[in-house]
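**Student:** Predicted model and sequence below, questions to follow.
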Amino acid sequence: MEKQKFNELLRKKAAELDEIIQSFLPAEEGLQKTVISAMNYSVLAGGKRLRPMLMLEAYRMCGGRGGEIEPFLAAVEMIHTYSLVHDDLPAMDNDSYRRGRETTWKVYGETMGILAGDGLLNLAFETALKAFDRVDGKDAEAMKRVAGALKTLAEKAGIRGMIGGQTADIEAEGRRESVTGEELLFIHRCKTAALIQASLTVGAILAGASEGQVEILEKCGEDLGIAFQIQDDILDVVGDSGELGKPVGSDAENHKQTYVTLCGLERAKEDVERYSKEAAALLGEFEADHSFLEQLFLTLIRRRR
């Protein structure tokens, strides 16, 4: 796909996703309006909308055409956003800026930052459950697909996925001995790749994809997620804080072991290419047009911010 056409499509799709996500955000009212304001501030801070975009593209590639996908698009972005809100807290990464503006806890205070993250995680599943209202209750297969998608999303966001990876990452920071390559890949698979896997596989499950197709997309998401995280590690070394919208060099400052410190910058760059090409090649197993999705993979991996 020609670059200009791809960029135009990317902007259009991101704008459509923003509208969908905003439609599920709560009104800022009542005695709890401060935490709702903090939640909305976090979600509306911008971002690539990568996860909902991957979900929607996988859904369409697998033949999905209904409206039950929309609550899940908002839900996966809420889960991703809550993880960033908590990552930025003083107890975690202690970051003051993200996406070019102050982080949630810096604006609303640490306590409200914690509650905003908690609120977004709960709201994510409250939102995803609305997918049941968008399918025929008498269609057992459709109801089963929504239930399967919920199960996948919960598992990938939980202790066997993102939270498990975050736990291993935090404990590795507190150790004197070096993290092993196996441990680092576990962290990347769980902390970053798991939610990308969920995005692709939830889209496929809701579309009625075969078990084999779901497995292919799970592997695809793993490769893409690992490449994405390695690129993050690279950008923390060679990136520009103005482009990234957050400080660079924080990993070194916090004595954090990364793919770059473990394998070196050149090896890290080579592995980003290897994993991303493997992910893109797996899309060849699908007959439907996947040119946009394939280019999206490569664009995300080669990003500068």
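**Tutor:** Right, received. Where do you want to start? Residues are numbered from 1 along each chain as shown.

**Student:** How many residues are close by Glu2?
**Tutor:** Residues lying near Glu2 (other CB atoms under 10 Å) number 8. Using the backbone N, CA and C atoms, a C-beta is placed for each residue, glycine as well.

**Student:** and the gap between it and Ala124?
**Tutor:** According to CB to CB, to the nearest Å, Glu2 stands 36 Å off from Ala124.

**Student:** And Gln257, by the same measure?
**Tutor:** Between Gln257 and Ala124 the distance is 30 Å, computed by CB to CB.

**Student:** Of these two, which one has the most company?
**Tutor:** Each of Gln257 and Ala124 has its neighbours counted (other CB under 10 Å); Ala124 has more, 25 against 20.

**Student:** got a list of what the more buried one touches?
**Tutor:** By CB atoms under 8 Å, 6 or more residues apart in numbering, the residues touching Ala124 are 74-76, 78-79, 82, 157.

**Student:** who's in contact with Arg160?
**Tutor:** Arg160 neighbours (CB under 8 Å, 6+ apart): 190, 194.

**Student:** where's it relative to Glu266, distance?
**Tutor:** 33 Å.

**Student:** quick one: which of the contacts of Ala124 is most hemmed in?
**Tutor:** Highest neighbour count within the contacts of Ala124: Ala75, with 32 neighbours (other CB under 10 Å).

**Student:** Test my guess that that one contacts Asn122.
**Tutor:** No. With contact defined as CB atoms under 8 Å, Ala75 does not reach Asn122; the gap is 10.8 Å.

**Student:** Tell me how far stretch 215-225 lies from the chain's centre.
**Tutor:** With CA atoms, centre = their mean, to the nearest Å as the basis, stretch 215-225 stands 13 Å off its chain's centre.

**Student:** buried ones in it?
**Tutor:** Of the residues in stretch 215-225, 216-218, 220-225 count as buried by neighbour count, 16 or more other CB atoms under 10 Å.

**Student:** Strands of this protein, residue ranges please.
**Tutor:** Taking DSSP state E, the strands of the chain run over residues 97-98, 101-102.
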